[in-house]
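> build me a model:
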Amino acid sequence: MKISDYIIEVLKEKGEVFVPRFGVFSLVRSAAVVNQEDNSILPPAYQITFSFDKTLEKDSILDFYMRNKHIPREQALFELNTQVEYWNKKLDAGESFLLEPLGEFVISDSIVRFLGKRIKTDNPDFFGLEEINLSEIKSKNHFQRNNPKVKEGSTQWILWLFLIIFPLTGIAYVAATKWNVLVGEKSIDTFSTKTSMHRITSDEKITKEVPKQDSALVKDSLAKDPANIEIQESLSNPK
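Numbers count the residues shown, from 1 in each chain. Take a look at the predicted model:
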């Protein structure tokens, strides 16, 4: 691994790296940008910036470099100083160069500019955000416009679900739990009342019989009746 690889590791962890006699690398929030090269939208992320300072004495890379490379401190310091001198000579000569994986130093009109790269970190602020490829979106839209049946078929089952399955499920539930809602409470009460009245009438029906009389007694009573006697005398003695 190069020294610049160790720098970016410290940068991801602490957000800032001090390189003696060279400058300070930092991470800043970067909004979503459109990448014109591959026609894509890059999500919000962190971008590397650099502040040039040859007089800087503060150091935050040496110990990390020494521990991870497993070398003595003197050797680590020598390698770091050698690398910094090489970078400074190139900048003093007005040469632009690429410093992977941090970014690119560009010199124009004797002004040094650093074009830092965007990097992904474990920061939860940008978790789950992915790159959007505009070319793929256009291709999908073009395919759906030319193949409308594909879109209709994918939503057709949802329509059937609302039109048939849900109504049938509702009717079955009401029939099982609230039958009186369907037929009405009054109809059930009337039916029960009529049934009970019919049973009572059938069970308690009383047949009245007219008592029979002796024919001899009838005749005798008719003979003793004064009205009948007068009628008989008038018939036997006509005037």
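
> what about the residue nearest to Lys58 when sequence neighbours are not counted, how many residues nearby?
Among residues not flanking Lys58 along the chain, Phe18 sits closest, at 4.3 Å (C-beta to C-beta, 6 or more residues apart in numbering). Quick note: C-beta positions are derived from backbone N, CA and C, even for glycine. A total of 19 residues lie near Phe18 under the criterion other C-beta atoms under 10 Å.

> need the pLDDT of Phe18.
You'll see Phe18 listed with a pLDDT of 98.

> right, and it touches Asp59 too?
Yes. Taking contacts as C-beta atoms under 8 Å, Phe18 lies within contact range of Asp59: 5.8 Å.

> quick one on the thing from earlier: got a list of what the residue nearest to Lys58 touches?
Val24, Leu56, Lys58, Asp59, Ser60, Ile61 (C-beta atoms under 8 Å, 6 or more residues apart in numbering).

> helix/strand/coil for the third one?
The one in question is Lys58. coil (DSSP: H, G, I helix; E, B strand; the rest coil).

> who's the residue nearest to Lys58 bridged to?
Taking DSSP bridges as the rule, Phe18 bridges to Val24.

> buried residues in stretch 104-122?
In terms of neighbour count (16 or more other C-beta atoms under 10 Å), stretch 104-122 has its buried residues at Phe105, Ile107, Phe114, Gly116, Arg118, Ile119.

> doesn't Arg118 make contact with Tyr46?
Yes. Using C-beta under 8 Å, Tyr46 makes contact with Arg118 at a distance of 6.9 Å.

> what do these two both touch?
Between them, Tyr46 and Arg118 share the contacting residues Ser30, judged by C-beta under 8 Å, 6+ apart.

> with pLDDT, neighbour count and distance to Thr82 as new columns, can the contacts of Phe18 be given to me in a markdown table?
Formatted as a markdown table, those follow (pLDDT from 0 to 100; neighbours: other C-beta atoms under 10 Å; distance: C-beta to C-beta, whole Å):
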| residue | pLDDT | neighbour count | distance to Thr82 |
| --- | --- | --- | --- |
| Val24 | 98 | 16 | 20 |
| Leu56 | 96 | 15 | 17 |
| Lys58 | 95 | 9 | 19 |
| Asp59 | 96 | 15 | 15 |
| Ser60 | 95 | 17 | 19 |
| Ile61 | 97 | 21 | 14 |
